[in-house]
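Asker: Need coordinates for the below:
(one chain, ligands or ions: 1)
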Amino acid sequence: MSGRPVSQIIEEGAARYGRNQEAVLRILTDVDRELGSVSEEAMAAIAKCCRVSSAEVQSVATFYSFISTKPRGRHLVRLCRTISCSMKGSAGILAALEKDLGIAAGQTTPDGRITLETTSCIGLCDQSPAMLVDDTPHSRLTPETACEIVRGLK
Ligand code: FES
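Answerer: Numbers count the residues shown, from 1 in each chain. Now for the predicted structure:
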């Protein structure tokens, strides 16, 4: 996560994508990628910048699971729960990760180190089960390899 102010990220996004409704998702994505989540204040600023309502920005932000409106940990683990991964044991992997981290899916470890989420298909069905760790794909997981990968996160 960068330490840049949200206003700077939004302004750079507006310069790149425009100040209109079409730019909202791209700016939201930039803010989420840099800061780990999009706050209420950031959504209001994006709305003002793109000349749309705050409700419109909020509905876009909450529609896409890859954008978080809640603060996340320093690392984001997203385990796929769609059909191919489910059939190859993603439920067991999730249970192992939850036990290892001491949190449930959707939560962040108390030290703010790791947020665990589930997601829909990430395009690695032929190598399932799969997860993304800070946008890096990991595939053909077992409960043991998934926990090993997550334990290695600083
Ligand atoms: S179903 Fe899991 S990657 Fe496609």
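Asker: contacting residues around the residue nearest to residue 74 when sequence neighbours are not counted?
Answerer: In space, and not counting its chain neighbours, residue 74 is closest to residue 113: 5.6 Å by C-beta to C-beta, 6 or more residues apart in numbering. Backbone N, C-alpha and C define where each C-beta goes, glycine included. Contact analysis of residue 113 by C-beta atoms under 8 Å, 6 or more residues apart in numbering lists 73, 74, 75, 153.
Asker: likewise residue 38?
Answerer: 28, 31, 32, 46, 61, 67, 68, 69.
Asker: Compute the distance between it and the ligand, please.
Answerer: Residue 38 is 25 Å from the ligand, where distance means C-beta to the nearest ligand atom, to the nearest Å.
Asker: Just say helix, strand or coil for that residue.
Answerer: At residue 38 the chain is in coil, as set by DSSP: H, G, I helix; E, B strand; the rest coil.
Asker: rewinding a little: just the ones in strands from the contacts of residue 113, please.
Answerer: residue 75 (DSSP state E).
Asker: which of the contacts of residue 113 lies closest to the ligand?
Answerer: residue 75 (19.6 Å; C-beta to the nearest ligand atom).
Asker: Was I right to think the closest one contacts residue 132?
Answerer: No: at 10.7 Å, residue 75 does not count as touching residue 132 under the criterion of C-beta atoms under 8 Å.
Asker: so what pLDDT did residue 135 get?
Answerer: At residue 135, the model reports a pLDDT of 84.
Asker: if I pick it, what's in contact with it?
Answerer: With C-beta under 8 Å, 6+ apart, residue 135 has no contacts at all.
Asker: Closest to the centroid, which residue in this protein?
Answerer: residue 66 (4.2 Å; C-alpha atoms, centre = their mean).
Asker: Show me the strands in this structure, by range?
Answerer: Along the chain, counting by DSSP E, strands occupy 75-80, 114-119, 131-133, 136-138.
Asker: Dump the C-alpha coordinates for the second one into CSV.
Answerer: Yep, that's strand 114-119 we're talking about. Output of strand 114-119 as CSV, limited to C-alpha atoms (Å, rounded to 0.1, in the frame of the first residue of the first chain):
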residue,chain,number,x,y,z
ILE,A,114,-3.7,-10.6,6.6
THR,A,115,-7.2,-10.3,5.3
LEU,A,116,-8.8,-13.5,4.2
GLU,A,117,-11.6,-13.4,1.5
THR,A,118,-13.3,-15.7,-0.8
THR,A,119,-13.8,-14.8,-4.4
